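>>> fold the following, please.
(2 chains)
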2 protein chains.
Amino acid sequence: MNEAVVLTPERILEATEDVLRRFGLSKATVVDVARALDVSHGSVYRHFPSKASLRDAVAKRWLDRANEPLCKIAAGSGPAPERLEKWLRTAFSIKQKKVCDDPEMFATYLALAQDAREVVEAYKDKQVDLIAKILSDGVAQGVFEIDNVKATARAVFDATVRYHHPAHAEEWAKPECPSRIDALIALLLRGVRVCKP
Amino acid sequence: MNEAVVLTPERILEATEDVLRRFGLSKATVVDVARALDVSHGSVYRHFPSKASLRDAVAKRWLDRANEPLCKIAAGSGPAPERLEKWLRTAFSIKQKKVCDDPEMFATYLALAQDAREVVEAYKDKQVDLIAKILSDGVAQGVFEIDNVKATARAVFDATVRYHHPAHAEEWAKPECPSRIDALIALLLRGVRVCKP
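So this is what the prediction gives:
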């Protein structure tokens, strides 16, 4: 490969994903990544000065990609209650799909995320910001009544942890999950709606 | 020890807890329990015919004991919103206290619970029943408006999993937790209150 032309960070991250898929996290090395790209490992280190920085970048890329549909829903228009419900159901199904479609790769990314704490925290904050965007829209539309949008967005995120946090993944396939998710979303939507007691 | 007089299931369970505390789950045996009680291991097996049945009984005893304050709150009287909040905060603090006060024993019980799935499921169902009791009281008091009390109780339980499920234990000591718990409880209470939109 002609390094001068094509060795972008993006190419390195793609190759790293391939290497992780083939060898698993414990066996994959920066040398494997360089070999897959037909470059020296020094060339990889020029873009990612440490194994940790490469690991964080792979984790970030994975999470950002998973988040794309959620960013679209938050940025969209339309009635906020429907969008909040759609956002939550999409967030759950993205995670569930990842676990079901490629459990080995999911396990690899989980292990990766364990060490990329800052990346994961930033990703969670981003999720909360997306929920906050929809809640703000709902307040502007006059359908939500919320004192503190940021804190409530965090509460919605926390309240749904059972269906998006990988620690609970083995319960997602249970037959009672869909109706429990329905009840949870209904409860949260009632919690933010305009209400004159 | 005179077995005929004092070898009750309760005595055996107490001794088993002591043995678990001293040796840890992986090393503790029924023979250790019998030795601690100064009886033959056959005497223990007369009450608990398998190691699994003894393990389940120890897990159940531990969970039942932890649940006592929650049963009292649910059985009590007074305004349902205050009781629901008190119930949730007590549930969180029971778990948090267990983790902080005796992390080794907590880890032992967690490992025990991993294998005592039915006992744990029954315990969770019991928790949901306690929440349902408070929700029903709130409906009777005219302060809660709930279509399906059982499903909503399960939703409240699910919504608070971050603060009572041991998978999240390492986040409970974080400084932002108290305000996040406040926001979550406020959201859930708004979700069940009487509301005329």
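
>>> wait, what's in contact with the residue nearest to the spatial centre of chain A?
Per Cα atoms, centre = their mean, the C-alpha nearest to the average position across chain A is that of A:Leu63, at 4.0 Å. For A:Leu63, the contact set (Cβ atoms under 8 Å, 6 or more residues apart in numbering or on different chains) comprises A:113, A:119-120, A:123. C-beta coordinates here come from the backbone N, C-alpha and C atoms, glycine included.

>>> and A:Cys177, how far from chain B?
Remark: distance between A:Cys177 and chain B (Cβ to the nearest Cβ, to the nearest Å) = 10 Å.

>>> phi first, then psi, for A:Lys174.
phi -70, psi 140 (degrees, to the nearest 10).

>>> count of residues packed around it?
Close neighbours of A:Lys174, defined as other Cβ atoms under 10 Å in any protein chain shown, add up to 9.

>>> then A:Lys72?
As a burial measure, A:Lys72 scores 12 neighbours (other Cβ under 10 Å).

>>> state the helix or strand in which it lies.
Using DSSP states H and E, A:Lys72 maps to helix A:51-75.

>>> buried residues in that helix?
Neighbour counts over helix A:51-75 (16 or more other Cβ atoms under 10 Å in any protein chain shown) mark A:54-63, A:66-67, A:70-71, A:73-74 as buried.

>>> quick one, helices of chain A?
Assigned by DSSP state H, chain A shows helices spanning A:3-6, A:9-23, A:30-37, A:41-47, A:51-75, A:80-101, A:103-115, A:117-140, A:149-159, A:161-164, A:177-192.

>>> could those go into a markdown table alongside mean pLDDT?
Converted to a markdown table, the helices of chain A look like this (pLDDT from 0 to 100):
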| stretch | mean pLDDT |
| --- | --- |
| helix A:3-6 | 56 |
| helix A:9-23 | 91 |
| helix A:30-37 | 92 |
| helix A:41-47 | 92 |
| helix A:51-75 | 92 |
| helix A:80-101 | 94 |
| helix A:103-115 | 84 |
| helix A:117-140 | 96 |
| helix A:149-159 | 98 |
| helix A:161-164 | 96 |
| helix A:177-192 | 97 |
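
>>> in CSV: these, plus distance to B:Tyr109.
CSV is the format used below for the helices of chain A (distance: least, Cβ to Cβ, whole Å):
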stretch, distance to B:Tyr109
helix A:3-6, 55
helix A:9-23, 35
helix A:30-37, 42
helix A:41-47, 46
helix A:51-75, 32
helix A:80-101, 27
helix A:103-115, 24
helix A:117-140, 27
helix A:149-159, 25
helix A:161-164, 21
helix A:177-192, 26
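
>>> nearest to B:Arg11, of the ones you listed?
B:Arg11 sits nearest to helix A:161-164 of all the helices of chain A, at 38.4 Å, using Cβ to Cβ.

>>> what packs against the closest one?
Using 3 or more Cβ pairs under 8 Å, 6 or more residues apart in numbering or on different chains; DSSP states H and E as the contact test, the elements touching helix A:161-164 are helix A:80-101, helix A:177-192, helix B:161-164.

>>> what's the first one in contact with?
Around helix A:80-101, the neighbours that count as contacts under Cβ under 8 Å, 6+ apart are A:66, A:69-70, A:73-74, A:76, A:105-106, A:109, A:127, A:130-131, A:134-135, A:137-138, A:141, A:143-144, A:156, A:160, A:163-164, A:166, A:169, A:172-173, A:181, A:185, A:188-189, A:192-193.

>>> what residues does chain A have near chain B?
A:148, A:151-152, A:154-156, A:158-162, A:165, A:167-168, A:179-180, A:183-184, A:186-197 (Cβ under 8 Å from any Cβ of the partner chain).

>>> filter the residues you listed to the buried ones?
Buried by 16+ other Cβ under 10 Å: A:151-152, A:154-156, A:158-162, A:165, A:168, A:180, A:183-184, A:186-193, A:195, out of those.

>>> next, count neighbours for A:Asp38.
Neighbours around A:Asp38, by other Cβ under 10 Å: 12.

>>> now it: phi and psi?
The phi/psi pair for A:Asp38 (degrees, to the nearest 10) reads phi 60, psi 40.

>>> distance of it relative to B:Glu85?
From A:Asp38 across to B:Glu85, the span is 62 Å (Cβ to Cβ, to the nearest Å).

>>> can you list the neighbours in contact with stretch A:144-162?
In contact with stretch A:144-162 (Cβ under 8 Å, 6+ apart) are residues A:80-81, A:84, A:88, A:91-92, A:124, A:127-129, A:131-132, A:135-136, A:138-139, A:168, A:171, A:184, A:188, A:192-195, B:158-162, B:165, B:168, B:179-180, B:183-184, B:186-188.

>>> now do the domain split for chain A, please.
Per automatic domain parsing, the domain ranges recorded for chain A read A:3-47, A:55-192.

>>> please compute how far the shortest one lies from its chain's middle.
Okay, so that is domain A:3-47. Remark: domain A:3-47 is offset 23 Å from the chain centroid, using Cα atoms, centre = their mean, to the nearest Å.

>>> same deal with stretch A:159-167?
In this view, stretch A:159-167 has its centroid 12 Å away from the chain centroid, taken as Cα atoms, centre = their mean.

>>> how close does A:Asp102 get to chain B?
In terms of Cβ to the nearest Cβ, A:Asp102 sits 22 Å off from chain B.

>>> count of neighbours near that residue?
By other Cβ under 10 Å, the residues close to A:Asp102 number 13.

>>> can you name the residues that contact it?
Neighbour list for A:Asp102: empty [criterion: Cβ under 8 Å, 6+ apart].

>>> now it: phi and psi?
phi -150, psi 70.

>>> now swap in A:Pro49 and tell me
For A:Pro49, the backbone dihedrals (degrees, to the nearest 10) come out as phi -70, psi -10.

>>> count the neighbours of it for me.
A:Pro49, neighbours per other Cβ under 10 Å, totals 10.

>>> again with A:Gln141
Neighbour count of A:Gln141, defined by other Cβ under 10 Å: 14.

>>> tell me the contacts of it?
With Cβ under 8 Å, 6+ apart, A:Gln141 has these contacts: A:79-80.

>>> tell me the spacing between it and chain B.
Following Cβ to the nearest Cβ, the distance that separates A:Gln141 from chain B is 13 Å.
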